[in-house]
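Asker: With the input below, show me the fold.
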Amino acid sequence: MNTWDMVLGPIGQISGIIELHDHAAKKRSGRIIPIHPDLRAALIEWRQIAMRSAYVAASERGSAMTPSSIVVWFNRAFRRVGLKGCSSHSGRRTFVTRAARLVHKAGGSLRDVQLLAGHRSIQTTQRYIDGDSDAQRKLVALI
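Answerer: Numbers count the residues shown, from 1 in each chain. Okay, the predicted model is just below:
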């Protein structure tokens, strides 16, 4: 469930984290996820509009969205903007790949990417990371 309490701080303001509870996470892998400043700003704005709902993203009837309704929502959104071959999981794969490529700039490691993704094993995280042939050529040239 995507309830407002997952993103609200102790005095009711949009905080800088998402508190993903075990009951709302796949395989009960709850975790704390930092919120990007742009997303935080969008949530602050959205809350003014959707304040009466208990859910950050509600169904047309105002109830919690099910996993399958979220998949349908993403498919429709991708179709509307002309993206082909995308799925509800595409953003997750893109995030993990980009995070893996940039984690060294933050002073982190692939373990940090694994924890953000909520994967129990680093092998699962590795399956999400797309290779880049340009980067491979540049890496070999550096050696």
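
Asker: what about V113, how many residues close to it?
Answerer: By the criterion of other CB atoms under 10 Å, V113 has 24 neighbours. Placement of C-beta: from N, CA and C, glycine included.

Asker: Need the per-residue pLDDT for it.
Answerer: You'll see V113 listed with a pLDDT of 96.

Asker: Same question for F74.
Answerer: Looking at F74, the pLDDT reads 91.

Asker: Now do the contacts for it.
Answerer: Contact partners of F74, counting by CB atoms under 8 Å, 6 or more residues apart in numbering, are C86, S87, S88, S90.

Asker: now do 7 Å
Answerer: Under the criterion of CB atoms under 7 Å, 6 or more residues apart in numbering, the contact list for F74 reads S88.

Asker: secondary structure element for it?
Answerer: helix 67-80 (DSSP states H and E).

Asker: Flag every buried residue along that helix.
Answerer: F74, F78 (16 or more other CB atoms under 10 Å).

Asker: Check stretch 89-106 too.
Answerer: R93, V96, T97, A99, A100, V103.

Asker: okay, now the spatially closest residue to the first one that is not a sequence neighbour: neighbour count?
Answerer: Think R93. Counting by CB to CB, 6 or more residues apart in numbering, R93 lies nearest to Y128, which is 5.3 Å off, once chain neighbours are set aside. Using other CB under 10 Å, Y128 has 19 neighbouring residues.
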